[in-house]
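[1] Requesting a structural model of the entry that follows:
(one chain, ligands or ions: 1)
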Amino acid sequence: MSDALISLTHVDKTFASGTRALQSVSLAVAPGEFVSILGPSGCGKSTVLRLVAGLDTPSAGQVDAPAWRDPAHARTAFVFQDATLLPWADVFDNVWLPLRLAGISREAAAPRIEALLAQMGLADFAQAYPSALSGGMKMRAAIARARVTDPQVLLMDEPFAALDEITRQRLNTDLLAGWLAAPMAVMFVTHSVFEAVFLSQRVIVMGARPGRVVDTVTIGEPYPRTPAFRTSARYADACQQLSASLEAAMAGSAA
Ligand code: ADP
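    Below is the predicted model:
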């Protein structure tokens with residue numbers, strides 16, 4: 001894909017332990033595209049994100065992403081399953097952190113932070129400390145912090161896996177609303193077929209041992225995707241298609 005923002009071309013990754021995490025992985029993500037990576041544990045999903053973020057190097061093949069092209073100016077943000085908020089700072093200061101590190105004052109940053117907190121449903125919690133927040137609210141703060149620098153690439157590694165289903169669905173909806181308001185390339189790692197279908201334009205299915213891409217499924221549903229999409233026949237069909245693809249991926253793995 002020549003207009004790709006991110007591409008992996010025949011990427012192998014073998015760790016020093018001898019574990020072959022990725023074998024000839026090729027994939028591409030366009031600017032502003034929402035792509036999920038779906039697959040069983042150990043198929044190399046996190047390794048793909050780390051390579052895209054420039055946190056690790058391939059053993060063979062090529063990785064091309066903003067973090068590789070221009071590390072000093074790459075706007076690449078990462079959200080993990082653990083919200084990793086600073087416990088001694090309130091929500092406002094946690095979200096300010098990436099801008100503060102870039103030399104932007106609290107006053108100059110305030111309008112952006114307040115807008116993001118409002119968008120993420122945290123307007124009344126700017127002064128709350130992480131210990132006072134539910135798991136879902138902590139994750140909302142982590143997403144606001146990731147988006148505060150207006151990233152070109154947002155990497156999300158099973159961000160909602162520890163949350164209950166209702167909270168997860170609400171976060172899915174709010175994440176998409178934020179993405180529609182300011183499109184960025186999102187690579188979203190998940191175990192959940194249902195989450196992948198709800199969120200994504202495209203789902204890359206991976207198999208394990210060694211990790212490889214086994215299928216790519218396009219989800220044609222237009223945005224905005226409302227909760228009503230979850231109960232539609234189109235959603236059920238897409239989930240069925242993706243489940244079959246995941247089953248095939250797992251059957252082909254020596255798990
Ligand atoms: P996933 O995110 O799909 O669960 P990972 O990318 O975390 O998979 O890991 C892929 C494989 O590489 C697994 O077998 C894992 O144990 C192994 N692995 C990941 N990181 C390292 C590392 N730093 N050293 C050795 N092996 C690793």
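
[2] how many neighbours does the closest residue to residue 46 other than its chain neighbours have?
    Distances taken as Cβ to Cβ, 6 or more residues apart in numbering place residue 157 nearest to residue 46, at 5.6 Å, with adjacent residues excluded. The way it works is simple: take the backbone N, C-alpha and C, and place the C-beta from them, glycine included. For residue 157, the neighbour count with other Cβ atoms under 10 Å is 21.

[3] Residue 157 touches residue 191, doesn't it?
    No: counting by Cβ atoms under 8 Å, residue 157 stays clear of residue 191, with 11.2 Å between them.

[4] re the thing from before, residues contacting the residue nearest to residue 46?
    By Cβ atoms under 8 Å, 6 or more residues apart in numbering, the contact list for residue 157 reads 45-46, 49, 78-81, 189.

[5] Report the buried members of those residues.
    45-46, 49, 78-81, 189 (16 or more other Cβ atoms under 10 Å).

[6] In helices, which of these fall?
    45-46, 49 (DSSP state H).

[7] which one is residue 144 nearest to, not counting chain neighbours?
    residue 116 (4.2 Å).

[8] Closest residue of the stretch 51-200 of the chain to the ligand?
    Proximity of the stretch 51-200 of the chain to the ligand (Cβ to the nearest ligand atom) peaks at residue 189, 6.4 Å away.

[9] Please name the nearest non-neighbouring residue to that residue.
    residue 45 (4.4 Å).

[10] Starting from residue 80, give me the distance back to the one you found.
    Distance of residue 45 to residue 80, computed by Cβ to Cβ, to the nearest Å: 12 Å.

[11] Show me the beta-bridge partners of the closest residue to the ligand within the stretch 151-255 of the chain.
    Proximity of the stretch 151-255 of the chain to the ligand (Cβ to the nearest ligand atom) peaks at residue 211, 5.6 Å away. Beta-bridge partners for residue 211, by DSSP bridges, are residue 22.

[12] ok, now which ones touch it?
    13, 20-23, 25, 39, 42-45, 47-48.

[13] How about the contacts made by the residue nearest to residue 144?
    Residue 116 touches 95, 144, 147-148, 178, counting by Cβ under 8 Å, 6+ apart.

[14] Could you report the distance from residue 131 to residue 123?
    Taking Cβ to Cβ, one finds residue 131 at 20 Å from residue 123.

[15] surely residue 47 meets residue 58?
    No: applying Cβ under 8 Å as the test, residue 47 and residue 58 come out as separate, 9.5 Å apart.

[16] Which one's more surrounded, residue 131 and residue 123?
    Taking other Cβ under 10 Å, residue 131 and residue 123 do not tie; residue 123 has more neighbours (12 against 9).
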